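Chemist: can't give you the sequence, but here's the structure:
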């Protein structure tokens, strides 16, 4: 999405999943991290998007720009490298829209989500079903034309479905990564983790629950399986959901649209 300084939509580009090309020389695997790289070329604008997905097996510190970022074990890190784009105006910006979704395989559960600004270097998305959370970190800077610049991140749920996105056994959010005007390239670096929480989603004040979930015992709730574990296993096998045509995965991180 290309938007102007009032957030009005100027251009919109929807990815065709068949046009993502695996970059073999950019893909690798070792004991610490599995890396898969894909490339997408938008011929109309002569713009290339390279998406590098890394799954960390062990806790790791990485450097992005001038900052150190800590990666938990099983963290999934995305790096988007976008070449030049013909902006309609120099006051416009690009917005990469990411869709993060978490779904339980059970019919009885509670869900909860929030988008938090830590007033420091990052903004966080948390989607929780029972005791499992999908935790997304969106750092508030990117490498723009070789310089570290502020990159804001916006919750776009109201544009893509609003309250209809949230159900008791599944929830999702759309996050816009807002890239200021540039001439050469933009580099962004969000990451996601699946965590086990001490408190369940039904303990949250604004959670959404099926009626039956309030009647379940703790032992019964322990039997609820969240599909995030399945997703992480698939990632480890170097099959990235959002670049495939599979639709039966219960946990999806999908790059939906980019401002073009």
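Modeler: Noted; the coordinates are in hand. A quick note: this is a predicted structure, and the numbers were derived from the prediction, not measured. Residues are numbered from 1 along each chain as shown.

Chemist: Quickly note the distance from residue 48 to residue 79.
Modeler: The gap separating residue 48 from residue 79 is 14 Å, by Cβ to Cβ, to the nearest Å. Bear in mind the C-beta positions are built from the backbone N, C-alpha and C, glycine included.

Chemist: out of those two, which sits in the busier spot?
Modeler: residue 79 (18 against 15; other Cβ atoms under 10 Å).

Chemist: how close does the more buried one get to residue 54?
Modeler: Taking Cβ to Cβ, one finds residue 79 at 7 Å from residue 54.

Chemist: same check, this time on residue 10
Modeler: 32 Å.

Chemist: Which residue of those two possesses the greater neighbour count?
Modeler: Under the criterion of other Cβ under 10 Å, the comparison of residue 10 against residue 54 puts residue 54 first, with 21 against 15.

Chemist: which stretch of helix or strand covers the more buried one?
Modeler: Element membership for residue 54, per DSSP states H and E: strand 47-56.

Chemist: Same question for residue 176.
Modeler: strand 170-179.

Chemist: right, and the helix or strand after that strand?
Modeler: From strand 170-179, the next helix or strand downstream (DSSP H and E) is strand 185-188.

Chemist: now for that following strand, which elements pack on it?
Modeler: In terms of contacts (3 or more Cβ pairs under 8 Å, 6 or more residues apart in numbering; DSSP states H and E), strand 185-188 is packed against strand 76-83, strand 141-144, strand 170-179.

Chemist: and if we set it to 7 Å?
Modeler: strand 76-83, strand 141-144 (3 or more Cβ pairs under 7 Å, 6 or more residues apart in numbering; DSSP states H and E).

Chemist: Could you check how far the last one is from the centre of its chain?
Modeler: Which is strand 141-144. 17 Å (Cα atoms, centre = their mean, to the nearest Å).

Chemist: List the neighbouring strands of it plus their orientation.
Modeler: strand 147-150 (antiparallel), strand 185-188 (antiparallel) (DSSP bridges).

Chemist: what's the most buried one of those strands?
Modeler: strand 185-188 (a mean of 21; mean count of other Cβ atoms under 10 Å).

Chemist: what residue ranges in the stretch 51-200 of the chain score low on pLDDT?
Modeler: Applying pLDDT under 70 to the stretch 51-200 of the chain flags no residue at all.

Chemist: if we go to 90?
Modeler: In the predicted model, the stretch 51-200 of the chain carries pLDDT under 90 at residues 51, 53-78, 96-114, 116-122, 126-136, 156-157, 159-176, 190-200.

Chemist: Was I right to think residue 188 contacts residue 140?
Modeler: No. Judged on Cβ atoms under 7 Å, residue 188 makes no contact with residue 140 at a distance of 10.8 Å.

Chemist: what residues do those two have in common as contacts?
Modeler: Residues touching both residue 188 and residue 140 (Cβ atoms under 7 Å, 6 or more residues apart in numbering) are residue 151.

Chemist: How far off centre is stretch 48-58?
Modeler: 12 Å.

Chemist: again but with stretch 80-100, I slipped
Modeler: 16 Å.

Chemist: same question, stretch 19-28
Modeler: Worked out by Cα atoms, centre = their mean, stretch 19-28 lies 19 Å from the chain centre.
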